[in-house]
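J.: turn this into a structure:
(2 chains)
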Number of protein chains: 2
Amino acid sequence: MPCDYLSLVHAGIKNLHPYEPGKPIEALQQELGLKKIIKLASNENPLGASPKAAHALRQLDVHDLALYPAADLHPVYHHLVDKLNIAPQQLILLNGSDAFFSLCLTTFALNTNRIALTHQYTFIAFPLQAQILGVKLKAVPVNQDYSVNIDSLIKALRPNVAIVYLANPNNPTGICIKEAKLKEFLRKLPLNTLCILDEAYYEFHAQTENTLDWLKEFPNLIITRTFSKIYGLAGLRIGYAIANPEVAKLLKRAELPFTVNKAALTAAEAALTDQDFLHKSLANTKSGMQQLEQGFQALKLSYIPSQANFITLKSPFAGIKLYEKLLKRGIIVRPLDPYGLKEHVRITIGTPEQNQHLLNVLKGEIND
Amino acid sequence: MPCDYLSLVHAGIKNLHPYEPGKPIEALQQELGLKKIIKLASNENPLGASPKAAHALRQLDVHDLALYPAADLHPVYHHLVDKLNIAPQQLILLNGSDAFFSLCLTTFALNTNRIALTHQYTFIAFPLQAQILGVKLKAVPVNQDYSVNIDSLIKALRPNVAIVYLANPNNPTGICIKEAKLKEFLRKLPLNTLCILDEAYYEFHAQTENTLDWLKEFPNLIITRTFSKIYGLAGLRIGYAIANPEVAKLLKRAELPFTVNKAALTAAEAALTDQDFLHKSLANTKSGMQQLEQGFQALKLSYIPSQANFITLKSPFAGIKLYEKLLKRGIIVRPLDPYGLKEHVRITIGTPEQNQHLLNVLKGEIND
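T.: Numbers count the residues shown, from 1 in each chain, chains lettered A, B, ... in the order given. Coordinates of the predicted model:
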């Protein structure tokens, strides 16, 4: 008798709607045979990566490739420690945020009968990792304008909350929590409740305070950042977390070995030195955001004002329908059904030409 | 009052002795300021990687780096499917075996009250991942010659065994289970107990049967292989698992997104076409094994005969002491204390010159 392997897994995995990445260009090419495809779905950098990063990869020789990577000993580790002005014991290099969420939940919530807390419409990777590990998650509602309701989060704090997850700016809404409100929340947070502050998009947002300074006051704060967005290294998988040394030590203890690969370490180190590329990327995002906002206004489409490198647009009809219409025209955006935002699609800021092409196609499709 | 974060974690992590990777060359350089250092600790390929792999990396441009990787759509995925003669639905590309063990345990053992089963002196990464996830593990004793006692494993099978882990050849002993014994075990295995057969070193071992053919008979078998050993791509992190489509589908459902990076995919694809490099690597291992065995015999040192690219040597005194003596002379080997083999060190086959240097230094140190 054959075995039904689905019957062997726990309820979290049985009922899982797995993470659906933004459709890759290759997939659409295979499906529709289109030549010109624009991907504005995964908040990647439309300018690519720093040319210095690509150049650095060319220096990797056959012996570099053959030896297991040692992230803590790589120059990028100490470069980041200096740049961020933190202690070496505070830094953890990551192979992507999902792996880090999983690590945090495994370390501090798994098998402890404690739960995770976040809000509606947050980055879906965190709730998914909680579900996969069987860690219960509570998500409080947001305000009508989709901004995070900090008071609701404070009210939801209980001794059994192991970890709170906040993305700032939030993905997919692009909204920031006001710094004063965020600090108020951290002050209310019991020391034995950790807070992951996911700053994947922080470079796009004009912050007045350096949140890394807050780590001195809040030993339960963990900040995560990434080379996947403004640095344009999503293909190589490298991000980092900063925590207090005791928390970092526990996370490193439970971490998988060799998580960050040598190409990522090498490219990230080179990318850190390319200020010119960062400036260009930021300028492209700022002008592109203006271009899209004005274009949406001209088309009488509403959107959620965003502090990141993407913007969430309200479709005049079901978001998935708009997504499919654009897909047929070779433009990949992100439908937000998995987030429960059924009328919205998320659009990454592209190059000026990509943005204009999107607006042109959008105009045709909404009047269709 | 400060918080003791260690008090928040579950017993598995509280009592964890984390995985200690083979000491990286950079670490020893920093510690001792030695110039000439040989690492024979992590079973990496002493010839490096295929030059074709290094060449392929040079073709990656800034836009390749900036887009999230899509392993299932990369040419290496279909290349492997063809080469292995399997269905596309059977293949899972991996960012290292540890991540895969964690994924398997999470999918099929976590929160199910079922346990994992293996034997003494097996690759430590599997028991460690079980401990981190709080999955109970039973390890049966091996035979006196360190070979796996299949009969003990069969006797230990109970309905509550979710996963059996077998590395073949085994790490750190280098011993293979006889094919007939392995098949006997698989025939006794209930269909709802999965078996991970870790074949990280299978290319070094002259097998008469293709274990992938066994997948047709045993839907509960999962085979893992890697590009880290004979292919010399440990620095980039890429391996793969082959399972029956239903099992693979569940594993992919729970898998982290974008686990395998683009540099690894690109290099692996190129490496697959470099038969010449594989032949050279295998020839180097075979002659190096002979060289080390003869050298050990001349030094009257005993060792465990190995089918892999490493050999486990019995030290005339505590293994950790031999490890430290060699370290001071710039040779990094692997002490096996974490495995409970207190008199043994594991040594990777190097180049002929590295092997000879090791034998020369070893001679001095054991007579010291």
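J.: all strands of chain A, in order?
T.: A:38-39, A:91-94, A:115-119, A:137-140, A:161-167, A:194-198, A:221-226, A:239-242, A:303-304, A:310-314, A:331-332, A:334-335, A:344-348 (DSSP state E).
J.: need those in JSON lines (columns: mean pLDDT, distance to B:Ile38 and mean neighbour count).
T.: For every residue, glycine as well, the C-beta is placed using N, CA and C. Below are the strands of chain A laid out as JSON lines (pLDDT from 0 to 100; distance: least, C-beta to C-beta, whole Å; neighbours: other C-beta atoms under 10 Å in any protein chain shown):
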{"stretch": "strand A:38-39", "mean pLDDT": "96", "distance to B:Ile38": "46", "mean neighbour count": "22"}
{"stretch": "strand A:91-94", "mean pLDDT": "97", "distance to B:Ile38": "27", "mean neighbour count": "24"}
{"stretch": "strand A:115-119", "mean pLDDT": "98", "distance to B:Ile38": "46", "mean neighbour count": "23"}
{"stretch": "strand A:137-140", "mean pLDDT": "98", "distance to B:Ile38": "49", "mean neighbour count": "17"}
{"stretch": "strand A:161-167", "mean pLDDT": "98", "distance to B:Ile38": "44", "mean neighbour count": "24"}
{"stretch": "strand A:194-198", "mean pLDDT": "98", "distance to B:Ile38": "42", "mean neighbour count": "25"}
{"stretch": "strand A:221-226", "mean pLDDT": "98", "distance to B:Ile38": "36", "mean neighbour count": "24"}
{"stretch": "strand A:239-242", "mean pLDDT": "98", "distance to B:Ile38": "32", "mean neighbour count": "24"}
{"stretch": "strand A:303-304", "mean pLDDT": "98", "distance to B:Ile38": "58", "mean neighbour count": "18"}
{"stretch": "strand A:310-314", "mean pLDDT": "98", "distance to B:Ile38": "49", "mean neighbour count": "23"}
{"stretch": "strand A:331-332", "mean pLDDT": "97", "distance to B:Ile38": "49", "mean neighbour count": "23"}
{"stretch": "strand A:334-335", "mean pLDDT": "97", "distance to B:Ile38": "50", "mean neighbour count": "26"}
{"stretch": "strand A:344-348", "mean pLDDT": "98", "distance to B:Ile38": "47", "mean neighbour count": "27"}
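J.: reformat those as CSV; add distance to chain B.
T.: Formatted as CSV, the strands of chain A follow (distance: least, C-beta to the nearest C-beta, whole Å):
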stretch, distance to chain B
strand A:38-39, 7
strand A:91-94, 11
strand A:115-119, 13
strand A:137-140, 15
strand A:161-167, 7
strand A:194-198, 8
strand A:221-226, 11
strand A:239-242, 11
strand A:303-304, 23
strand A:310-314, 14
strand A:331-332, 11
strand A:334-335, 12
strand A:344-348, 11
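J.: show me the contacts for A:Gln291.
T.: A:352, A:355-356, A:359 (C-beta atoms under 8 Å, 6 or more residues apart in numbering or on different chains).
J.: ditto for A:Cys176
T.: A:168-170, A:205, A:307.
J.: cool, and A:Glu343?
T.: Neighbouring residues of A:Glu343 by C-beta under 8 Å, 6+ apart: A:314-315, A:317-319.
J.: so, if you compare these, which one comes nearest to chain B?
T.: A:Gly319 (20.8 Å; C-beta to the nearest C-beta).
J.: my read is that A:Leu103 contacts A:Lys252, right?
T.: No: under the criterion of C-beta atoms under 8 Å, A:Leu103 is not in contact with A:Lys252, lying 9.2 Å apart.
J.: okay, those two: which has more neighbours?
T.: For A:Leu103 versus A:Lys252, neighbours defined as other C-beta atoms under 10 Å in any protein chain shown are more numerous around A:Leu103 (24 against 16).
J.: report pLDDT for that one.
T.: What the model reports as pLDDT for A:Leu103 is 97.
J.: got the domain boundaries for chain A?
T.: A:5-49+A:275-366, A:68-271 (automatic domain parsing).
J.: looking at the ones you listed, which is buried most?
T.: Highest mean neighbour count among the domains of chain A (mean count of other C-beta atoms under 10 Å in any protein chain shown): domain A:68-271, with a mean of 21.
J.: first-to-last residue distance for it?
T.: From the first residue to the last, domain A:68-271 extends over 22 Å; the measure is C-alpha to C-alpha, to the nearest Å.
J.: pull the longest helix from chain A.
T.: The single longest helix within chain A, with elements called by DSSP state H, is helix A:275-298.
J.: ok now that helix, how far from the chain's centre?
T.: 19 Å (C-alpha atoms, centre = their mean, to the nearest Å).
J.: re earlier: now the contacts of A:Cys176 as CSV including pLDDT?
T.: Listed next are the contacts of A:Cys176 as CSV, based on pLDDT from 0 to 100:
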residue, pLDDT
A:Asn168, 97
A:Pro169, 97
A:Asn170, 98
A:His205, 93
A:Gln307, 97
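J.: that's all I had, so thanks and see you.
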